[in-house]
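Chemist: fold the following and give me the result.
(2 chains)
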Amino acid sequence: MLEFEGLHKSYGANRVLDGVSFAVAPGSMFGFCGSNGAGKTTTMRIAMGLVRADGGEVRWQGRPLDQALRRRVGYMPEERGLYPKMRVGEQLAYFARLHGLDAAAAARAAEHWADRLGLAERRRSRVEELSLGNQQRVQLAAALVSRPEVLILDEPFSGLDPVGVDALAEALLEQVRGGVPVVFSSHQLDLVERLCDAVGILARGSMVAAGPVAELRRRESGRLLRVVVPDAPPGWAAGLPGVRVVSERAGDTLLQLAPGTDDQAVLAAALRTGRVAHFAWREPSLVELFREAVAEPAGEVAA
Amino acid sequence: MTSSGPRTPGSAALVRLVAAREVSSRIRDKNFIISSVVILLLLLGTMAFQVAVTSGDQASRVAVAADDGRLGPAIEAQGEAVGVAVEVVDVPDEAAARDAVEAEEVDAALVGGIGPAPELLLVDRAPALEAVVGGAVSGLAVSDRLLEAGVDLQSLPQVAVTPVGDEGEDDGQRVVVAIIGVVVLYGLLILFAQFVAQGVVEEKASRVVELLLATMRPWQLLAGKILGLGLLGLGQIVVIAAVGVTGALAFDLVDVPGELIGTVAAVVAWFVLGYAFYACVFAVAASLVTRQEDLGSVLMPATVLLVVGFFVAIQAAGDPTGTLATVTSFVPGLSPLVMPVRRAAGGAAGWEVALAVVLMLAAIGLAVRLGGRVYAGALLRTSGRTKVREALRAEGI
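Modeler: Next up, the predicted model:
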């Protein structure tokens, strides 16, 4: 298991992480979501030893991640970084060697990953001569080239075209099938939903929701009701007791019901407005789960 | 599951990897290749110039009319004695001599040399040549007269020449060697310390430093960078020294090879100390900024120190025992440039050199310790310019 436990971090009065905990099983993919500035990058940097946590630790197979153990982690920083004037092949081999591969194995691994990620033709090019998309592939290859036991990737999909996204997704799934736990952060929630076994939603320095996507859905479903009433006047549901209007567009209404609220009373109210075209409990999408989770709770103001 | 997995490289292995990368990427760098070639060409040019100046005093040609076989050798011997190369050309008579001078085939012509009224014909006055010919003619005449009077010339006393102490012509030569050495030293210190600084900023600007620090500690990165470029710099100064010494010996530009080699070795040794200090200071200064454009301003203080050291060293060549030279030859940072010149000029005792080395080593130790902390604190601050105090306060990672 890759375990993040009780991570705390403050910069002066600014509390960035306030007890972030989650675990990623070998061979599973963990999607890390959160608004900008929620602390995703700080969490990953703590794991990589680039930021020192005020409290808590990150463990791999029960041992705290230290400098030696980190060499088995493939890392892709949010701020992409490669030597601009170094050739692709040499650069990949260099990073493989820093992770402990010997010269021959590093050269083989560099060649393999350049081929795998469609960079075979560009192995002798300098990184600065490549397109941004190709630079991104080199960055990923740099994370994979050392045959890592763990992958920690900060926004790996940002800046990729759809073909690049598919190639990267395939490469990550292959790692997962090989038993590697993969943690990646992303704002592309549809991707997270499609790829990940589990997600964690970070807001205001702590995990507000974490677990398998299906489980999160189940937890939230039974509360969202979609009612389509084409003839209803705008705001038809606003006054119903125990009901919050999540969205309403031309009669297509999404309602959140407080526990104990009678859905049949909502149906009765809907029927009073005229024809009811659709009335059903709805499985929330990850986007909705996310919005729900990161929404600033009323009455609590961030310091 | 990691039976065939990678081993964990130790500190030495990581430092070696970083150093190897620095060497291999720098050695293919255009700026490096050009600067190396330029320095070698300058050195060879200087030596060629020296050769041209010493041998290139072309021998003055003197035509001697109707020589009886004694005047020619006498003039050449006299010329050699006073350091003026003279070549004698025999011509049959005065008319031929006059023609030769007018045609500028010779610089001067002596007619009636052993007669009662010798005459030197020339186009341009040449005092040295006139003195040589005059001396030879009168010397010959005097010995003829004395011989006629029965005086034994063999019994005349001769002056023996014995150089005393360190003072003398050798010092001059050593100082010249030391100045050339310091010019090379200064150039290489600036060049390689700049390389280190550029490398540090390149890693920060391209953000690759975050990837590097996920696998190693800041000091390992710093040590590898300084060692790698330092070996390259040492290699370059040794090549320059070897070419310089070989050239100087081959062209016979120095009188005492042992002292030449001693001075050159001292310069090389001071390069090692100076580089260790300046590379560290430059690297730390560079770690405070994120863009190559900002490099000039943070490197300014250290660069000024180097330039001051250079000019004091040049000044010390003329006044090796003056207060300025004496004091600065102990100041860490200035000593690598000033002390070799003072030593070569004979102005420094052995204990003074030793003290300067010890002070320099202490300064290097301090620069490494303090610099390492600033470097580690500033490396991941990729926004704008970091203040030294902030970097020192920042958590070490």
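
Chemist: skipping its backbone neighbours, what lies nearest B:Gly247 in space?
Modeler: Sequence neighbours aside, B:Met47 is the residue nearest to B:Gly247 in space, at 4.6 Å (criterion: CB to CB, 6 or more residues apart in numbering or on different chains). C-beta coordinates here come from the backbone N, C-alpha and C atoms, glycine included.

Chemist: pull the contacting residues for the one you found.
Modeler: B:244, B:247-248, B:251, B:253 (CB atoms under 8 Å, 6 or more residues apart in numbering or on different chains).

Chemist: try it again at 10 Å.
Modeler: By CB atoms under 10 Å, 6 or more residues apart in numbering or on different chains, B:Met47 lies in contact with B:180, B:243-244, B:246-248, B:250-251, B:253.

Chemist: so which of these comes closest to chain A?
Modeler: Taking CB to the nearest CB as the measure, chain A lies nearest B:Val243 of the contacts of B:Met47, at 29.5 Å.

Chemist: which element, helix or strand, includes that closest one?
Modeler: Using DSSP states H and E, B:Val243 sits within helix B:218-250.

Chemist: buried among the contacts of B:Met47? Make that a ChimeraX selection.
Modeler: In ChimeraX, this line selects whichever of the contacts of B:Met47 come out buried by 16 or more other CB atoms under 10 Å in any protein chain shown:
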select /B:180,244,247,248,253
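
Chemist: of all the contacts of B:Met47, which two lie farthest apart?
Modeler: B:Ile180 and B:Ala250 (16.2 Å; CB to CB).

Chemist: what about the stretch 51-200 of chain B, any weak spots by pLDDT?
Modeler: B:54-58, B:152-172 (pLDDT under 70).

Chemist: and the residue nearest to B:Gly247, which helix or strand is it part of?
Modeler: Remark: B:Met47 resides in helix B:30-56, with elements defined by DSSP H and E.

Chemist: what helices and strands are in contact with the helix or strand just after that helix?
Modeler: As assigned by DSSP H and E, the chain's next helix or strand after helix B:30-56 is strand B:60-65. In terms of contacts (3 or more CB pairs under 10 Å, 6 or more residues apart in numbering or on different chains; DSSP states H and E), strand B:60-65 is packed against helix B:71-82, strand B:86-91, helix B:94-102, strand B:108-111, strand B:119-122, helix B:127-148.

Chemist: CA atoms only: put strand B:60-65 into PDB for me.
Modeler: Presented in PDB, the C-alpha positions along strand B:60-65 are these (Å, rounded to 0.1, in the frame of the first residue of the first chain):
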ATOM      1  CA  SER B  60      72.300  44.300 -39.400                       C
ATOM      2  CA  ARG B  61      74.300  43.700 -42.600                       C
ATOM      3  CA  VAL B  62      77.600  45.500 -42.900                       C
ATOM      4  CA  ALA B  63      79.600  45.500 -46.100                       C
ATOM      5  CA  VAL B  64      83.400  45.500 -45.500                       C
ATOM      6  CA  ALA B  65      85.500  46.700 -48.400                       C
END
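
Chemist: what residue in the stretch 51-200 of chain B comes nearest to chain A?
Modeler: Using CB to the nearest CB, the single residue of the stretch 51-200 of chain B nearest to chain A is B:Gly199, 9.8 Å away.

Chemist: need the winner for burial among the helices and strands packed on strand B:60-65.
Modeler: Burial of the helices and strands packed on strand B:60-65 is given as mean neighbour count (mean count of other CB atoms under 10 Å in any protein chain shown); strand B:108-111 ranks first at a mean of 25.

Chemist: counting by contacts, list what that strand packs against.
Modeler: Looks like strand B:108-111 contacts strand B:60-65, helix B:71-82, strand B:86-91, helix B:94-102, strand B:119-122, helix B:127-148 (3+ CB pairs under 10 Å, 6+ apart).

Chemist: in TSV: the ones you listed, plus distance to A:Arg52.
Modeler: Output for those, formatted as TSV (distance: least, CB to CB, whole Å):
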stretch	distance to A:Arg52
strand B:60-65	81
helix B:71-82	79
strand B:86-91	82
helix B:94-102	91
strand B:119-122	88
helix B:127-148	79
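
Chemist: wait, which of those is closest to A:Pro148?
Modeler: Nearest to A:Pro148, of all these, is helix B:71-82, at 80.2 Å by CB to CB.

Chemist: what angle separates that closest one from helix B:127-148?
Modeler: On the basis of axes from the mean of the first three to the mean of the last three CA atoms, to 10 degrees, helix B:71-82 is oriented at 120 degrees to helix B:127-148.

Chemist: could I have the CA atoms of helix B:71-82 written out in CSV?
Modeler: Extracted in CSV, the C-alpha atoms of helix B:71-82 (Å, rounded to 0.1, in the frame of the first residue of the first chain):
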residue,chain,number,x,y,z
LEU,B,71,87.9,43.0,-39.6
GLY,B,72,84.8,40.9,-40.4
PRO,B,73,85.2,38.5,-37.5
ALA,B,74,86.1,41.4,-35.2
ILE,B,75,82.9,43.2,-36.0
GLU,B,76,80.8,40.1,-35.6
ALA,B,77,82.5,39.3,-32.2
GLN,B,78,82.0,42.9,-31.0
GLY,B,79,78.3,42.8,-32.1
GLU,B,80,77.8,39.6,-30.2
ALA,B,81,79.5,41.0,-27.1
VAL,B,82,77.0,44.0,-26.9
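
Chemist: counting contacts, what elements does that helix pack onto?
Modeler: Counting contacts by 3+ CB pairs under 10 Å, 6+ apart, helix B:71-82 packs against strand B:60-65, strand B:86-91, strand B:108-111, helix B:127-148.

Chemist: relative orientation of it and strand B:60-65 in degrees?
Modeler: In terms of direction (the same axes, to 10 degrees), helix B:71-82 departs from strand B:60-65 by 150 degrees.

Chemist: what residues does helix B:71-82 touch?
Modeler: Contacts of helix B:71-82 (CB under 10 Å, 6+ apart): B:59-60, B:62, B:64-65, B:67, B:84-90, B:110, B:113-114, B:118, B:128-129, B:131-140, B:143.

Chemist: in the helix of greatest length in chain A, what counts as buried?
Modeler: When chain A is parsed with DSSP state H, its longest helix is helix A:162-177. Buried residues in helix A:162-177, counted by 16+ other CB under 10 Å: A:164-165, A:167-169, A:171-172, A:175-176.

Chemist: biggest separation within the residues you listed, which pair?
Modeler: The most widely separated members of these, counting by CB to CB, are A:Gly164 and A:Val176 (18.6 Å).

Chemist: how about the residues of the stretch 51-200 of chain B by chain A?
Modeler: Applying CB under 10 Å from any CB of the partner chain, one finds that the stretch 51-200 of chain B approaches chain A through B:Gly199.

Chemist: still on that earlier bit, run the contact check for the longest helix of chain A versus chain B.
Modeler: No: counting by CB under 10 Å from any CB, chain B is not contacted by helix A:162-177; separation bottoms out at 13.3 Å.

Chemist: okay, now the domains of the chain?
Modeler: No chain in the question, so chain A it is. Here the domain parsing of chain A from automatic domain parsing is A:2-211, A:222-282.

Chemist: was after chain B, sorry
Modeler: B:59-143, B:168-393.

Chemist: deepest-packed of those, please.
Modeler: Comparing the domains of chain B by mean neighbour count (mean count of other CB under 10 Å), domain B:168-393 comes out on top with a mean of 20.
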